[in-house]
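Engineer: have a look; sequence and predicted model below, questions after that.
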Amino acid sequence: MRAVSANRRRILSLWLPRLPIERIKRQQASTGAPPEAKPQVVVIKDANALLIHSLDEAAARHGVSLGQPLANARAVCPDLVAHEADLAADARLLESIADWCDRFTPLVALDPPHGLSLDITGCVHLFGGEAKLMQSVCDALTAHGLTVSAAIASNAVCARTLNRQVHGRIVPDGEEAAAVSALPVAALGGSDAITLGLRRAGLKTIGDVASRGRNEITARFGAAFTRVLAQALGEADAPISPRKVPPDYIVDKRFAEPVATDTVIAASLSSLAAMLVAAMAQQGKGARRLEACFFRTDGLVRVIAVDTGQPVTDAAVIDRLFRERLEALSDPLDPGFGFDMIRLAAGRSEIVVQQQRDLDAHVHDNDELSALIDRIAARIGGKRVVVHLPVDTHVPERAALPLPAQHNLAATSTAAWPERTDGEPPLRPLRLFARPEAIQVIAGVPDGPPARFVWRRAAHAVVRAEGPERIAMEWWRPDGQGLTRDYFRVEDEHGLRFWLYRDGLYDREFEQPENGPPVQPLWYMHGLFA
């Protein structure tokens, strides 16, 4: 006896059996070329043979079938037009259809190669019930030139088993076994060997297989097949893996007539921001990541995201951030024939910590700085606005770690940088080069500071020098086998101050040849003092 959950899920399974050939037909129609009158198929190479991978309705009427060799298909239909399969393009189209399905539920999972699973639990009332929801999805996909078969059941395997054989079936919870019992065993999606073995044993339908003992089926066909059988019969759950993590909060607005003007789009975002803030305020939360999704009437979906440094609880702030983001887009928002739905979601939210803001000026400063960073990040991207935090290392290029300012602003107030000694010049220059630049040096003694050097084709005579500051590489790191560096602070005759180093120690870190001149260390310019 199976245990029935008190809150069973409802899964809408979609199957697009002619997706590859219909993708090609959509491409042909987009070029304005007249539709091909001859039967068309998509072929794929398998073991040096071209097999039928997908076919249109006309080819099916001529007796062409999936998996049939192309030569045999041409024998029954000489006018057949064959196209080469493009599995990557098919996968991209399936992804775009999944994006379009996000308007019905945020829990959409791919069911490769040509299927989707939608978790519609708790949202069917928004569309007038399960039957109307399924009809709306299928009508829209059909209008875009796609053949679709759909079914709804309490788990994905049962719904998938049904829609491969019959379209539009809705199975009430608890009636899964009765719904699939008359279907052929091939509907379970097992391998050809398993299907053939079942038929040879006289088990032609799923009901026939279900009537046999589970231990007997497992011993003959494996535990994986038995598990799929139990899921199809509703005896076990079959959870789906949504392609996206569902957001914490969602609000959306649907339009009876598509909208395309910037004024209406901006007003819609403003009203959605107010609704989202009100929903989060009920649980004392603010948004850290916001996503605006624009659903076009032709099926394309555009997603615009912004991050915030602190939890946002003000609709005006959200509205301002999206205005900044939309104005800075290198690829402007193209409404096409219009948007029929706009959605605003808080992909990540946090509990708002109340602080004393009236008397604490430091809190006000942090709020203003965080708001400024958010606005700049919305325009140029969060990864381009950084703060630097100290790292416990002596290697100069690793001493400061750049991190996104939006997520690390609070850490800067407690960061402990090396303190400068009063009356002493700074040990590190204000500017470090991303990569040290090679220079030519003349030194008075092998281990001493340079007397002259040439950098960027300009000669400099050294009048003052301090050092060396010896820094050994971190031997415990995978890349820590570098040479020891001797750093010098030098000043030339024009008062310019440089930070340069000798890479390696004389007679210690180089293998000297038996004959010929000794190997000389190289010198590099690493930074400039102000």
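Structural biologist: Perfect, thanks for sending it.
Engineer: for this protein, which residues score under the pLDDT cut-off?
Structural biologist: 1-7, 354-366, 479-480, 511-512 (pLDDT under 70).
Engineer: at the geometric centre of it, which residue sits there?
Structural biologist: Most central in the chain under Cα atoms, centre = their mean is residue 244, positioned 8.2 Å from the mean C-alpha point.
Engineer: sec struct for that residue, please.
Structural biologist: coil (DSSP: H, G, I helix; E, B strand; the rest coil).
Engineer: distance check, it against residue 289.
Structural biologist: 13 Å (Cβ to Cβ, to the nearest Å). Every C-beta, even on glycine, is put in place using the N, C-alpha and C of the backbone.
Engineer: if I pick residue 506, what's in contact with it?
Structural biologist: Counting by Cβ atoms under 8 Å, 6 or more residues apart in numbering, residue 506 touches 446-447, 518, 521.
Engineer: nearest to residue 81 among these?
Structural biologist: residue 521 (70.4 Å; Cβ to Cβ).
Engineer: the closest one against residue 510, yeah?
Structural biologist: Yes: between residue 521 and residue 510 there is a contact under Cβ atoms under 8 Å: 7.3 Å.
Engineer: and residue 307, how many neighbours?
Structural biologist: The number of residues packed near residue 307 is 20, by other Cβ atoms under 10 Å.
Engineer: my bad, residue 398
Structural biologist: Neighbours of residue 398 using other Cβ under 10 Å come to 12.
Engineer: which residue, neighbours along the chain excluded, lies closest to it?
Structural biologist: residue 391 (5.8 Å; Cβ to Cβ, 6 or more residues apart in numbering).
Engineer: ok, that neighbour - contacts?
Structural biologist: 398-401.
Engineer: quick one on the thing from earlier: out of the contacts of residue 506, who has the most neighbours?
Structural biologist: residue 521 (22 neighbours).
Engineer: what sits against the residue nearest to that one when sequence neighbours are not counted?
Structural biologist: Excluding its sequence neighbours, the residue lying closest to residue 521 (Cβ to Cβ, 6+ apart) is residue 504, at 3.8 Å. Residues counted as contacts of residue 504 (Cβ under 8 Å, 6+ apart) are 483-484, 510, 521-522.
Engineer: try 7 Å this time
Structural biologist: 483-484, 510, 521 (Cβ atoms under 7 Å, 6 or more residues apart in numbering).
Engineer: just residue 198 next, same as before
Structural biologist: 185, 209.
Engineer: give me the number of residues near the residue lying closest to residue 115 once chain neighbours are set aside?
Structural biologist: Closest residue in space to residue 115, ignoring its immediate chain neighbours: residue 15 at 4.8 Å, by Cβ to Cβ, 6+ apart. For residue 15, the neighbour count with other Cβ under 10 Å is 20.
Engineer: what's the answer for residue 186, then?
Structural biologist: Residue 186 has 17 nearby residues by other Cβ under 10 Å.
Engineer: next one: residue 67 from residue 106, what distance?
Structural biologist: In terms of Cβ to Cβ, residue 67 sits 36 Å off from residue 106.
Engineer: the more surrounded of these two?
Structural biologist: Using other Cβ under 10 Å, the more surrounded residue of residue 67 and residue 106 is residue 106, with 20 against 10.
Engineer: go ahead and confirm that one touches residue 249.
Structural biologist: No: under the criterion of Cβ atoms under 7 Å, residue 106 makes no contact with residue 249, lying 10.9 Å away.
Engineer: and the strands in the stretch 351-500 of the chain?
Structural biologist: Assigned by DSSP state E, counting those that start in this stretch, the stretch 351-500 of the chain shows strands spanning 386-390, 400-404, 431-443, 450-455, 458-471, 485-492, 497-503.
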